[in-house]
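Need a 3D model of the sequence below.
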Amino acid sequence: MTGKTSTGNRIKELRKEAAQCQRAINAAHRLVKAGDINAAAEIVGRQAPKRDQALRDAELLRYSGRARLEDIQVYTVERVVESKKGKRTNKYYYASWRRPGGKVYNKYLGSTKRIDHPSALDLARKLKAADLGIDLEPEKESMTI
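Numbering: from 1, shown residues only. This next block holds a predicted model:
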């Protein structure tokens with residue numbers, strides 16, 4: 001992921017939560033060395049499942065392709081056309097994203113007269129998913145986070 005997306009931020013939060021749980025488990029291990037085995041077992045019993053679940057959720061989001069599909073730019077391009085009647089400005093929607101090799105790919109989406117920005121963004125996500133080989137359908141069913 002190169003850009004900041006809501007899914008990317010959620011992955012970071014989940015990893016942070018897992019790290020906090022791991023710190024609590026490490027503190028529990030220090031309690032074992034001090035001789036308080038019951039308290040340590042209770043802490044580990046509560047924190048280990050939380051840590052494991054947070055890491056699982058983060059990995060699911062990471063490999064789902066959602067973050068990659070959110071990292072897309074949709075913008076308008078103005079072109080001035082000269083004709084016998086005079087100058088005319090046409091506006092078009094374009095989308096840009098990075099391909100796996102790091103190269104930027106630009107795609108024409110349509111005229112601003114025929115398509116609005118939310119529709120252009122949806123179209124751009126579908127085109128990017130097709131370009132990168134990301135399947136959109138299973139993601140909607142399996143991801144409930």
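
Where does residue 54 sit: helix, strand or coil?
Following DSSP: H, G, I helix; E, B strand; the rest coil, we place residue 54 in the helix state.

Go ahead and confirm it touches residue 10.
No. Residue 54 is beyond contact range of residue 10, at 10.7 Å (criterion: CB atoms under 8 Å). The way it works is simple: take the backbone N, C-alpha and C, and place the C-beta from them, glycine included.

More neighbours: the two, which one.
The neighbour comparison of residue 54 against residue 10 (other CB atoms under 10 Å) goes to residue 54, with 20 against 16.

ok, that one - contacts?
Listed by CB atoms under 8 Å, 6 or more residues apart in numbering, the contact set of residue 54 reads 14-15, 17-18, 21.

count of residues packed around residue 42?
There are 13 residues near residue 42, going by other CB under 10 Å.

domain parsing for the protein?
Domain assignment for the chain, taken from automatic domain parsing, gives 6-67, 72-142.
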